[in-house]
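Novice: Predicted structure and sequence below. I'll ask about it afterward.
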2 protein chains.
Amino acid sequence: MSQQAVNGVPSRGKVLTVDNMNPNVKRVEYAVRGPIVQRAVQIEKELREGVKKPFTEVIKANIGDAHAMGQKPITFLRQVLALCAYPELMEDNKFPEDAKKRAQRILDACGGHSIGAYSASQGIECVRQDVARYIEKRDGGIPSNPDSIYLSTGASDAIVTMLKLLVCGEGHDRTGVMISIPQYPLYSAALADLGAVQISYYLDEDKCWSLDVAELRRALNAARQHCNPRVLCIINPGNPTGQVQSRQCIEDVIKFAKEEHLFLMADEVYQDNVYAEGCKFHSFKKVLFEMGPEYSSTVEMASFHSTSKCYMGECGFRGGYMEVINMDPEVKAQLIKLVSVRLCPPVPGQALLDLVVNPPQPDEPSYTTFMKERTAVLAALAEKAKLTEEIFNTVPGITCNPVQGAMYTFPRITLPQKAIDKAKEQGQVPDMYYCMRLLEEEGICLVPGSGFGQREGTFHFRMTILPPTEKLKVVLQKIRDFHLRFTQEFS
Amino acid sequence: MSQQAVNGVPSRGKVLTVDNMNPNVKRVEYAVRGPIVQRAVQIEKELREGVKKPFTEVIKANIGDAHAMGQKPITFLRQVLALCAYPELMEDNKFPEDAKKRAQRILDACGGHSIGAYSASQGIECVRQDVARYIEKRDGGIPSNPDSIYLSTGASDAIVTMLKLLVCGEGHDRTGVMISIPQYPLYSAALADLGAVQISYYLDEDKCWSLDVAELRRALNAARQHCNPRVLCIINPGNPTGQVQSRQCIEDVIKFAKEEHLFLMADEVYQDNVYAEGCKFHSFKKVLFEMGPEYSSTVEMASFHSTSKCYMGECGFRGGYMEVINMDPEVKAQLIKLVSVRLCPPVPGQALLDLVVNPPQPDEPSYTTFMKERTAVLAALAEKAKLTEEIFNTVPGITCNPVQGAMYTFPRITLPQKAIDKAKEQGQVPDMYYCMRLLEEEGICLVPGSGFGQREGTFHFRMTILPPTEKLKVVLQKIRDFHLRFTQEFS
């Protein structure tokens, strides 16, 4: 290509082809929006065009998108956002005073009192202060510094930015990043894009997807043969696996990170989504500080949060933040420089985040409604988590761990050998074949376990627990029927 | 570091330091939010704390941030956004019917009728359709396909994504990207981050910053010695230089791109910001198609637009799009996969973009107010563009090309040798020294020309023309006084 051009010979092919594009991009995979979802969108189109199917709608249980599944936005959040967008509404009696006060405070922190102005690249200062106060309250008073808070375009943005800082070296010195298997595929996608080395450690399905330090050590030692492991990523509560880590386990992980000189990345976007009795969310930061100065003054860490999950489910606004602990001040300066190139995170998302970390207080007019709405969402999720586990475990060939937290179930499915052979014949991995058949026959869109990683020879799928209860019951029943039929067909 | 860890010896230093972080990130520079802006923020803090200064406020003319400079949001845009955020307002008589209709149409295209749902990764389909219709209308009927439109998180996001696809190879085969000097530093920053090779071509200051194909050819031939040039980036209207390209020049550039087998990237975010008499915006796409099928069916191109500039100046929403032409279908599939990892662009920004490309029509109730507001903003910008050029050209030692379009002036300043020596003594580039002095003495924040690139031995600064007319006059007067004083001091 280069040669042709040097000689001035006009090339006939495209400048940009799959053969000469960025090879790292080619290696990127993101199953949550992969081929199965593209097929689901196509089927929806066919249904609209009147094509006859054994079902009348596609139920997309592939992605944690609460509003798309019918969850209503929280009134207070949307009132403040409307006031920020169109401040003339401040004169309107229909809006409660606390909503107006919040909106005015946000607008006063914006350039020209408009959410249409760029913010500081790190995020609006008063929002970062509110985030810091939220973290302090969450962690029982352990101090949080607004200068260590970086607002972001959803948590994904902050996670990729943090990984980007950490990647260096070539060949055997290339940065290695430890991620769980199963994992949320943002991680593997970002590592492929950055050309970093993925180090897989396996969660223990037999122990409710718990994390075992011996397995971390095995994975680390194996990886040291071919890369430079520098980062340990944890998702708690787990995605796609729904486990909630015990305090003891978090302490063990922190000890391991310190011993092995690893940078910790704690993905805690489901921190308010804990349902199982006896389970409680412990932030990595709180545990770190409770372990004493030997740890709290040395272990480097970033933790991530988002406006997309929890009770609000405001995915479309792309709000989020990360807090960094013990980060080298010179690296912090580099981080600020890096984020400044993209100017700033979306300001409506920053405003939303501010409300999430600083919700209505008991003495404010919006409190009662806000709490009612919040509690209803979380109670329904807890009910659906339980229901999902119970129904799946009645199906021969499906085993399902408790959904302790987050928004997903990741049941294991037993597939007959003939089905596995059939899939291979069609050039598909077996669980993709299974999920595609389910989509075509029942109109239910799930993500095959292979998109998240799983132990060789095992098969799973990820399903969100977000459909409304009655619809979820139908979905579970349909999956049950399909699974029995599918097993029958291939046995 | 790796070795220490292998032996299990606990390392005492940080895991992540400037010495072992991603070296590409270290090479990133972004002057528009660089050290001078950090100092400006600090000075603002000092003023609030009561520190005495020779001025009472800092005027930030460093960044194209219209609302921060006092420009009021366009009523119609914000009404629809408020309705989208809080659909209960649909019952409110204060909102015009066309605003409600637009909001309802956007909500109907969102999952669960909420802008809090994720959209398709490429963007909401009906918004992409509206963008395509807008482009068709702009370009006199040349067809635009919604499948070739990708919505983005501001134009920056789309530009970086497109560059990422194009970068490959190592050493002498590394992708080279041609960018203008002076340039908007997003480009150099993205190329550093991606490890691509920057190929600088110079705009001709003596000919009103025009682009000359002979200079493109010189730069390309020189670059072929050490990289694989594949991409040509153009900013029209120009940032920071404010020139508007002639139709002939665009045709010449397209011919050059075809001959030399280059992928064209046309940054056209200032397409509605054209002020000078005799100047007109010609889209690269329109010219390409007018050149006939030999060009329109072969030259690969991406063009970019944004909600941040023009008459609306809605920077905080981070809305934008790109249209790709003649892109290989397999590469398009890779592009969709890549953008899906970040889930979707912010939905409020997508909604805003929809209104920008589909504004109120003459028979709709919001039309009159909308047109009045739009016209007022653009007329004021045209006036300020002229004013800026006129006043600067009265100052001995400042020469300023006409601001034909965009939002900036990039005047050349003559600095006395003694000032240059003084700057070197302080370890600063001369125009940074000049701008820092201006900031400290007059409270005016500009960006030194060195942040955009300039011919060796010449000095410039970039200033936005966004301050309100009366304030702009004060700013220009202050710069004039400072420049004379500064020149005096060092002569």
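Specialist: Done, it's in. Numbers count the residues shown, from 1 in each chain, chains lettered A, B, ... in the order given.

Novice: could you pull out the strands for the stretch 351-491 of chain A?
Specialist: Counting by DSSP state E, counting those that start in this stretch, the stretch 351-491 of chain A forms strands over residues A:398-399, A:408-409, A:412-413, A:444-445, A:447-448, A:459-464, given from the N-terminal end onward.

Novice: Can you lay out the ones you listed as a markdown table showing distance to chain B, mean pLDDT and mean neighbour count?
Specialist: C-beta here means a position set from N, CA and C on the backbone, and glycine is covered the same way. Written out in a markdown table, the entries for the strands of the stretch 351-491 of chain A read as follows (distance: least, Cβ to the nearest Cβ, whole Å; pLDDT from 0 to 100; neighbours: other Cβ atoms under 10 Å in any protein chain shown):
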| stretch | distance to chain B | mean pLDDT | mean neighbour count |
| --- | --- | --- | --- |
| strand A:398-399 | 28 | 96 | 18 |
| strand A:408-409 | 15 | 96 | 28 |
| strand A:412-413 | 25 | 96 | 22 |
| strand A:444-445 | 13 | 96 | 24 |
| strand A:447-448 | 13 | 94 | 28 |
| strand A:459-464 | 12 | 96 | 27 |
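
Novice: could I get the ones you listed as CSV with distance to B:Leu211?
Specialist: Converted to CSV, these look like this (distance: least, Cβ to Cβ, whole Å):
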stretch, distance to B:Leu211
strand A:398-399, 64
strand A:408-409, 53
strand A:412-413, 60
strand A:444-445, 49
strand A:447-448, 48
strand A:459-464, 51
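
Novice: who in the stretch 201-350 of chain A is up against chain B?
Specialist: When proximity is defined as Cβ under 8 Å from any Cβ of the partner chain, the stretch 201-350 of chain A approaches chain B at A:224, A:228-230, A:258-263, A:300, A:312-318, A:326-328, A:330-331, A:334, A:337-338, A:340-349.

Novice: now those residues: which count as buried?
Specialist: Among those, those buried by neighbour count (16 or more other Cβ atoms under 10 Å in any protein chain shown) are A:224, A:228-230, A:258, A:260-263, A:300, A:312-318, A:326-328, A:331, A:334, A:337-338, A:340-349.

Novice: top helix in chain A by residue count?
Specialist: Longest helix in chain A, counting residues (DSSP state H): helix A:367-392.

Novice: Now do the same for it: mean pLDDT, whole number.
Specialist: Model confidence over helix A:367-392 averages 96 on the pLDDT scale.

Novice: any low-confidence regions in chain A?
Specialist: Judged against pLDDT under 70, the low-scoring parts of chain A cover residues A:1-11.

Novice: Can you spell out the domain ranges of it, please?
Specialist: Under the assignment automatic domain parsing, the domains of chain A span A:23-70+A:370-489, A:102-357.

Novice: Wait, A:Lys258 touches A:Met301, no?
Specialist: No: counting by Cβ atoms under 8 Å, A:Lys258 does not reach A:Met301; the two are 10.5 Å apart.

Novice: mind listing the strands for chain A?
Specialist: Under the criterion DSSP state E, chain A carries strands at the ranges A:59-60, A:149-153, A:175-181, A:197-202, A:228-235, A:263-267, A:301-306, A:319-325, A:398-399, A:408-409, A:412-413, A:444-445, A:447-448, A:459-464.

Novice: Could you export these as TSV, including distance to B:Arg485?
Specialist: Output for the strands of chain A, formatted as TSV (distance: least, Cβ to Cβ, whole Å):
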stretch	distance to B:Arg485
strand A:59-60	66
strand A:149-153	40
strand A:175-181	51
strand A:197-202	58
strand A:228-235	52
strand A:263-267	50
strand A:301-306	47
strand A:319-325	43
strand A:398-399	80
strand A:408-409	66
strand A:412-413	77
strand A:444-445	69
strand A:447-448	66
strand A:459-464	66
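
Novice: any idea how far the residue of the stretch 101-250 of chain A found nearest chain B is from B:Lys60?
Specialist: The minimum distance from the stretch 101-250 of chain A to chain B, using Cβ to the nearest Cβ, falls at A:Gly111 (2.9 Å). Taken as Cβ to Cβ, to the nearest Å, the spacing of A:Gly111 relative to B:Lys60 amounts to 8 Å.

Novice: same deal with A:Ala190?
Specialist: To B:Lys60, A:Ala190 is 34 Å away according to Cβ to Cβ.

Novice: Pick out whichever of the two has more residues nearby.
Specialist: Set side by side, A:Ala190 and B:Lys60 show more neighbours around A:Ala190, with 26 against 22, by other Cβ atoms under 10 Å in any protein chain shown.

Novice: Report the contact partners of that one.
Specialist: A:159-160, A:163, B:341 (Cβ atoms under 8 Å, 6 or more residues apart in numbering or on different chains).

Novice: Out of those residues, which two are the most distant from each other?
Specialist: Comparing all pairs in those by Cβ to Cβ, the longest separation belongs to A:Leu163 and B:Val341, at 12.2 Å.

Novice: one step back: from the contacts of A:Ala190, which single one is nearest A:Val475?
Specialist: Proximity of those to A:Val475, judged by Cβ to Cβ, is greatest for B:Val341, which lies at 26.5 Å.

Novice: Enumerate every residue touching that closest one.
Specialist: A:28, A:30, A:156, A:185-186, A:189-190, A:193.

Novice: got it, and A:Thr153?
Specialist: A:318, A:320, A:342, A:345-346, A:349, B:153, B:318, B:342, B:346.

Novice: One more pass at 7 Å, please.
Specialist: When contacts are counted by Cβ atoms under 7 Å, 6 or more residues apart in numbering or on different chains, A:Thr153 touches A:318, A:345-346, A:349, B:153.

Novice: Repeat that for A:Val32.
Specialist: Taking Cβ under 7 Å, 6+ apart as the test, what A:Val32 contacts is A:62-63, A:185, A:447, A:451.

Novice: got a markdown table for those, with distance to B:Asn22 too?
Specialist: A markdown table is the format used below for the contacts of A:Val32 (distance: Cβ to Cβ, whole Å):
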| residue | distance to B:Asn22 |
| --- | --- |
| A:Asn62 | 33 |
| A:Ile63 | 30 |
| A:Pro185 | 22 |
| A:Val447 | 31 |
| A:Gly451 | 28 |
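
Novice: So which of the residues you listed wins on neighbours?
Specialist: The member of those that has the most neighbours, counting by other Cβ under 10 Å, is A:Gly451 with 30 neighbours.

Novice: dump the residue contacts of the nearest residue to that residue once chain neighbours are set aside.
Specialist: In this structure, A:Gly451 finds its nearest non-sequential neighbour in A:Ala31, 2.3 Å apart by Cβ to Cβ, 6 or more residues apart in numbering or on different chains. Residues near A:Ala31 by Cβ under 7 Å, 6+ apart: A:185, A:447-448, A:451-452.

Novice: do that again at 6 Å, thanks
Specialist: For A:Ala31, the set of contacting residues under the criterion of Cβ atoms under 6 Å, 6 or more residues apart in numbering or on different chains consists of A:185, A:447, A:451.

Novice: pretty sure the second one is touching A:Arg462, no?
Specialist: Yes: between A:Val447 and A:Arg462 there is a contact at 4.6 Å, judged by Cβ atoms under 6 Å.

Novice: Could you check how far A:Val395 is from A:Gln477?
Specialist: Counting by Cβ to Cβ, the gap from A:Val395 to A:Gln477 is 10 Å.

Novice: who has more neighbours, these two?
Specialist: Per other Cβ under 10 Å, whichever of A:Val395 and A:Gln477 has more neighbours is A:Val395, with 19 against 12.
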